[in-house]
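>>> missing the sequence, but the structure's below:
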């Protein structure tokens, strides 16, 4: 039995076997690689303090299930060999944006973590050795010694020690970042030089800017109701994971896609091409979170040339499927290894 | 060790101006007739970016900061000032964190020896012996035992740490000060009054940061690092304490406030 199936077997044991595991998407392809290895991705969780949680109409989904999942992954990793399984958290584990306005000036991360001791204790367990990536909602954590080992991105090496994929939160592909990226540095400097003095009188002194930024976020009305998805994201049809896993299921392509199914695929491919141009590293896969939209999207250019975007989904906000009109709570993980990429939805 | 520099450190005038305070302190040290202030420094640095209180006179038509002070004659000296300022500011602007020192200067040899809370007679006696010697464990062994509660500085704290009731902490609200978190403990002692708390504790013995992140507070001489735990009812209490000496350059006074 390969590691992908061993993981799936272990997923069925969660919550005393009462968890419903569904396959969101799967893809088997030679380009995926990672034979004999498994890389497991925990996407956005967006924890805030218990007190703060009451001020939003949504929050982290199935926190108890997520805690059990992480505890199970620790055991799973120990049973199959820790060198073979790597766990990644794709950023936005903690949500500093939705926390208090002082969030950027205090080690608020420790306070949020303290309100979720079971989950945080499991996810920072040294035996799990989670690789933490920074998201746009928690990038400020890198200022604090407890979190400063967290990284903005990580290359994933195959069995031969070659980087073939990159994992990052995904906010790099937001339009704001993309606009900035196309401008050369001197142009950006010139824009600041020319237009910054035109800011109206009353512009805040330096020290108040962070607080002002946070206050602005605080006043964003939609943040009370959603972060990324004003309506449940379209996952497409899902299937019980107890059925045989097909080699290709619910894969988004330019020709056949759900709403926003190919979001960020082209930008992610451009990033890989940029990396190849600069460093000669040939990447054909990007793993992200951020959009809260679990999916596998591919750009195919011939029989062998394929680019894969794996969006691991989220543990916040909702999704919908064609088979059920009712929205469901996002609770997804992605697993890549043994030449396969899979995304599962958990419920229970 | 050589003579200390007679550098007077300025307090930062506004949030995030630590680098300006350091730069101004260094420039005053090198040229005590200099007229630089934090406001003029901020103003020159960000003149093209945003108005600051220090630059308001420009808009009123008053003379602008002489440019030659930056770009001509004395530029090498200013480069020197900038270099020194950057060096010092890199530590001054850093997030506050506590460091667990080598075994001679901390209250435990290993984690197994950590002092449990509430204190009992023996641990209170050991702790006061350590505090007497500035947390030097080799010297503490020779300190005769005496009543901890009679200690003029730490007596009230040690007494409070003997009571379970004083060990409750409230981490539900962000607070910069330790006494916002440990209200009951601070009700019995003034040692930590006004002192900021940090959750960032660097302990090189650990493989990674300990979770739950301990609460550290300095009294000016020592870091008191409290390890806490939440029971099933959600009650958060201090469970253990580690006291470690602050490196000499960080000592701001010989006695705690109050």
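Structure's in. What do you need? Quick caveat: nothing in here was measured; it's all calculated off a predicted structure.
>>> name the nearest residue to the residue in the stretch 151-258 of chain B that chain A sits nearest to, sequence neighbours excluded.
Using CB to the nearest CB, residue B:199 is the residue of the stretch 151-258 of chain B that sits closest to chain A, at 3.3 Å. All C-beta spots, glycine's among them, are computed from the backbone N, C-alpha and C. Closest residue to residue B:199 apart from its sequence neighbours, by CB to CB, 6 or more residues apart in numbering or on different chains: residue A:110 at 3.3 Å.
>>> for that neighbour, give me its contacts.
Contacts for residue A:110 were tallied using CB atoms under 8 Å, 6 or more residues apart in numbering or on different chains; they are A:144, A:146, B:199-200, B:212-213.
>>> is residue A:332 in contact with residue A:313, as I believe?
Yes - when contacts are counted by CB atoms under 8 Å, residue A:332 is listed as touching residue A:313 (3.1 Å).
>>> now the helices: where do they sit in the stretch 201-348 of chain A?
In the stretch 201-348 of chain A, the segments counted as helices under DSSP state H, counting those that start in this stretch are A:209-218, A:265-279.
>>> rank those by pLDDT, which is bottom?
Ranked on mean pLDDT, the bottom entry among those is helix A:209-218, at a mean of 62.
>>> what about the closest residue to residue A:130 other than its chain neighbours, how many residues nearby?
Counting by CB to CB, 6+ apart, the nearest residue to residue A:130 once its immediate chain neighbours are dropped is residue A:87, at 4.9 Å. Neighbour count of residue A:87, defined by other CB atoms under 10 Å in any protein chain shown: 22.
>>> now do residue A:255
Residues near residue A:255, counting by other CB under 10 Å, number 6.
>>> could you do residue A:47 as well?
With neighbours defined by other CB under 10 Å, the count for residue A:47 comes to 29.
>>> isn't it up against residue A:116?
Yes - shown here, residue A:47 and residue A:116 form a contact pair, counting by CB under 8 Å, at 5.3 Å.
>>> between the contacts of residue A:110, which sits nearest residue A:12?
Of all the contacts of residue A:110, residue A:12 sits closest to residue B:212, with 31.5 Å by CB to CB.
>>> what about that closest one, which SS state?
coil (DSSP: H, G, I helix; E, B strand; the rest coil).
>>> if I look at it, how far off is residue A:170?
The span separating residue B:212 from residue A:170 equals 29 Å under the rule CB to CB, to the nearest Å.
>>> so for the two, which sits in the more crowded spot?
Looking at residue B:212 and residue A:170 with other CB under 10 Å, you find the greater number of neighbours at residue A:170, namely 30 against 20.
>>> lowest confidence element among the helices and strands of chain A?
Of all helical and strand segments in chain A, the minimum by mean pLDDT, DSSP states H and E falls on helix A:209-218, at a mean of 62.
>>> helix or strand: which one has the residue in the stretch 1-150 of chain A that chain B sits nearest to?
Minimum separation of the stretch 1-150 of chain A from chain B (CB to the nearest CB) falls at residue A:110, amounting to 3.3 Å. Per DSSP states H and E: residue A:110 is located in helix A:108-114.
>>> show me what whichever helix or strand comes after that helix is packed against.
Per DSSP H and E, the first helix or strand lying C-terminal to helix A:108-114 is helix A:117-123. Counting contacts by 3 or more CB pairs under 8 Å, 6 or more residues apart in numbering or on different chains; DSSP states H and E, helix A:117-123 is packed against helix A:63-80.
>>> quick one: the helix it packs on to chain centroid distance?
18 Å (CA atoms, centre = their mean, to the nearest Å).
>>> mind listing what the following helix or strand past that helix pairs with, with the direction of each?
Heading C-terminal from helix A:63-80, the first helix or strand you meet, by DSSP H and E, is strand A:85-89. If you go by DSSP bridges, strand A:85-89 pairs up with strand A:38-42 (parallel), strand A:131-132 (parallel).
>>> what residues does strand A:85-89 touch?
Contact with strand A:85-89 is made by A:3, A:37-42, A:45, A:73, A:76-77, A:123, A:128-133, A:154, A:167, A:287, as judged by CB under 8 Å, 6+ apart.
>>> circling back to that earlier point, show me which of residue A:332 and residue A:313 is the more surrounded one.
residue A:313 (31 against 28).
>>> ok, that one touching residue A:342?
No - using CB under 8 Å as the test, residue A:313 is too far from residue A:342 to be in contact (11.8 Å).
>>> which neighbours do these two share?
residue A:334.
>>> hmm, back to that, what is in contact with residue A:332 and residue A:313 at once?
Between them, residue A:332 and residue A:313 have A:24, A:43, A:294, A:343, A:345 as joint contacts when contacts are counted by CB under 8 Å, 6+ apart.
>>> that older thread, kindly supply the ChimeraX command isolating those of the contacts of strand A:85-89 that are buried.
Applying 16 or more other CB atoms under 10 Å in any protein chain shown to the contacts of strand A:85-89, the buried members can be selected in ChimeraX as follows:
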select /A:3,37,38,39,40,41,42,45,73,76,77,123,128,130,131,132,133,154,167,287
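>>> now residue A:273: how far from chain B?
Spatial separation of residue A:273 from chain B under the definition CB to the nearest CB, to the nearest Å is 35 Å.
>>> neighbours of that residue, how many?
Residues within reach of residue A:273, counting by other CB under 10 Å, total 13.
>>> could you do residue A:326 as well?
In terms of burial, residue A:326 registers 8 neighbours under the definition other CB under 10 Å.
>>> do residue A:232 as well
By the other CB under 10 Å criterion, the neighbourhood of residue A:232 contains 19 residues.
>>> quick one: it and residue A:321 touch, right?
No - applying CB under 8 Å as the test, residue A:232 and residue A:321 come out as separate, 9.2 Å apart.
>>> now do the shared contacts for the two.
Shared contacts of residue A:232 and residue A:321, counting by CB under 8 Å, 6+ apart, come down to residue A:328.
>>> low-confidence ranges in chain B?
Under the criterion pLDDT under 70, the flagged ranges of chain B are B:1-95, B:140-145, B:174, B:249-258.
>>> how about a cut-off of 80?
Residue ranges of chain B with pLDDT under 80: B:1-95, B:140-148, B:173-176, B:248-258.
>>> over to the stretch 151-300 of chain A?
The model of the stretch 151-300 of chain A has pLDDT under 80 over residues A:159, A:176-177, A:179-182, A:188, A:191-222.
>>> list the contacts of the host helix or strand of residue B:179.
Per DSSP H and E: residue B:179 is located in helix B:178-181. Residues external to helix B:178-181 that are found in contact with it (CB under 8 Å, 6+ apart): B:169-171, B:173, B:175, B:186, B:192-197, B:215, B:217.
>>> many thanks, we can stop here.
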